[in-house]
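A.B. asks: okay, structure incoming, though there's no sequence with it:
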C-alpha cells in the first residue's frame, strides 16, 4: 500500500514540475543565460582590467627609464600620455612624475601641474600633500613666506604623511623672510614630533642655531 502512495506522490510531483516548467520555462532559461553571461562578463572585465594594469605598469617603467637616461622631454611626454590613458591606480603617479620632469625645463609649468593635482577632488589626500611639498620645494627660494604658507600648511597636519618635509620648507621660508617667530614655530613642531626623520631634525637644529637669542626655544 505504501508503495502505491509513493507512486502517486511521484506522479503528482512530476505533474507539478511539468506545469511549472510549461509556465516558467522561458524565465528559467533567461535567468540561467543571465547568470552564465554575468559570470563570463565579470571574468572578461577582470581579464581586461588586469591587462590594462599590466600595460600601464610596463609603460610607467619605460617612462621611468627615459627619466633615468636623462631624457626629460621624452619622459614628460610618456608620463603625460600615461596620465591621460592609464587606469586610476597609475594616473596620479604619472601626473606627479610628469610634473617632476617638467620642473627640469620650466618651474612655473611644473608648479601648475602640481596645482592641478592639488585641486583635483578625485586625488587622495596623501598624493595632494606630496604635490604640495614638491611644488613648495620648487618655490621656496623665490616665493614670499605667506604665499608658501597657504600652499603648504594643509600638508603640515599631524596626520599628513609628508608633514616633516612641509614643516621644514616652511621653517626655511620663514627664516629667509627674517620671520624669527614663524621659524621657531616650525622648528619646534619638527623637534617635538617623535616621528621626524633624523636628517630633517638635524637640519632644524642647525636652523635654530641661526636664530637670534630671543627667538630660540
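C.D. replies: The structure has been received and is ready for your questions. Predicted model, so just to flag it, every value in this text is computed and none were measured.

A.B. asks: drop to CA atoms for contacts and neighbour counts, all remaining ones
C.D. replies: Fine.

A.B. asks: list the neighbours of stretch 202-215 that are in contact with it.
C.D. replies: The contact list for stretch 202-215 (C-alpha atoms under 8 Å, 6 or more residues apart in numbering) reads 168, 171, 172, 180, 181, 183, 184, 187, 190, 191, 216.

A.B. asks: how about 7 Å then?
C.D. replies: With contact meaning C-alpha atoms under 7 Å, 6 or more residues apart in numbering, stretch 202-215 is reached by 180, 181, 184, 187, 216.

A.B. asks: from those, pick the one nearest residue 66.
C.D. replies: residue 187 (38.1 Å; C-alpha to C-alpha).

A.B. asks: quick one, what contacts that closest one?
C.D. replies: Residues counted as contacts of residue 187 (C-alpha under 7 Å, 6+ apart) are 171, 204, 208.

A.B. asks: just the element for residue 97, please.
C.D. replies: helix 88-102 (DSSP states H and E).

A.B. asks: please pull out the lowest mean pLDDT helix or strand from this protein.
C.D. replies: Within the chain, no helix or strand scores below helix 2-68, which has a mean of 63 by mean pLDDT, DSSP states H and E.

A.B. asks: show me the domain layout of the chain.
C.D. replies: 69-123, 146-217 (automatic domain parsing).

A.B. asks: with respect to residue 134, which of those domains lies nearest?
C.D. replies: domain 69-123 (7.7 Å).

A.B. asks: what helix or strand is residue 118 on?
C.D. replies: helix 107-119.

A.B. asks: elements contacting that helix?
C.D. replies: Contacts defined by 3 or more C-alpha pairs under 7 Å, 6 or more residues apart in numbering; DSSP states H and E place helix 107-119 against helix 88-102, helix 125-139.

A.B. asks: I appreciate the help and will end here.
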